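Student: Could you work out the structure for the sequence below:
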Amino acid sequence: MTGVITASEPSWTAPFSGLSPRQFGKLITALRREGADPVRRGRPWSLPLEDRVLLVAAYWRTNLTLRQLAPLFGVSKSAADRIIDHLGPALALQQCKRFRKDTVLIVDGTLVPIRDHTIAERSKNYRYSTNHQVVIDADTRLVVAVGWPLSGNRNDCTAWELSGAKDAVGRTTVIADGGYRGTGLVIPHRRAPGQAELPAWKEDHNRSHRKVRARVEHAFARMKTWKILRDCRLRGDGVHHAMLGIARLHNLTLAG
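Tutor: Sure, this is the predicted structure:
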């Protein structure tokens, strides 16, 4: 069976992966260096590494079902499923472990609607969702850490600690919104009980804080152009692997 989409034709790369041909080439080189395409015993993959990576990225980008996507690459549904299970974890973002002393990070949680109700709960959007804590660098706007998904009814204070995001950043300065009270993060000033308004200097701080913190919202908007984060059909750890993989693709689009 011959496929329609192939990585050997550069015009397919951008619409189905979100990466330019040059960025896609850098990703393939990095994956080979990381050992994502080892020589293995038994039946070889029916697609080269480039096409397999494009298939996974296209699955995340378009959120087509495997029955729809597999024929476009000339493989069976079960083969496409195996490719996603194998390469999804390999595409995961390598999260930062050390930061410069002057680094400022921004954290916020985002909800991903998911069909697997064993790991999701109804959240404020009335859909079964998972809460993902995402940390970006305030200067570069690159994603540096992604927490483990928790059920969508967990508030951000709880998710910050339980997801592992807090441990991932250590003592680095982190900015957050007002939903992270009591966590020790840098959050906006709030009026005390009975206080009519904040002093002018606190209002100035809050205004500056909002402008900087908006960068993480922009990151969410870019990441959710990979439509699987709008309605995820993956089960178990699949949504976590997808979030980490999309974070890596997002960083590639920013870094060039």
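
Student: Please make it C-alpha for all contacts and neighbour counts, starting now.
Tutor: Will do.

Student: Would you map the helices across the stretch 151-256 of the chain?
Tutor: For the stretch 151-256 of the chain, the helices defined by DSSP state H, counting those that start in this stretch cover 156-162, 165-169, 200-223, 238-255.

Student: With the stretch 1-150 of the chain instead?
Tutor: Under DSSP H, counting those that start in this stretch, the stretch 1-150 of the chain gives helices at 13-17, 21-33, 49-62, 66-73, 77-90.

Student: before we move on, the earlier item: including mean pLDDT, distance to residue 108 and mean neighbour count, could the helices of the stretch 151-256 of the chain go into JSON lines?
Tutor: Listed next are the helices of the stretch 151-256 of the chain as JSON lines, based on pLDDT from 0 to 100; distance: least, CA to CA, whole Å; neighbours: other CA atoms under 10 Å:
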{"stretch": "helix 156-162", "mean pLDDT": "94", "distance to residue 108": "8", "mean neighbour count": "19"}
{"stretch": "helix 165-169", "mean pLDDT": "94", "distance to residue 108": "10", "mean neighbour count": "18"}
{"stretch": "helix 200-223", "mean pLDDT": "94", "distance to residue 108": "7", "mean neighbour count": "15"}
{"stretch": "helix 238-255", "mean pLDDT": "96", "distance to residue 108": "14", "mean neighbour count": "22"}
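
Student: The ones you listed: which one's closest to residue 124?
Tutor: Among these, the nearest to residue 124 by CA to CA is helix 156-162 (12.3 Å).

Student: can you list the residues that contact that closest one?
Tutor: Residues outside helix 156-162 that contact it (CA atoms under 8 Å, 6 or more residues apart in numbering): 108-109, 131-133, 147, 150, 166-167, 179-183.
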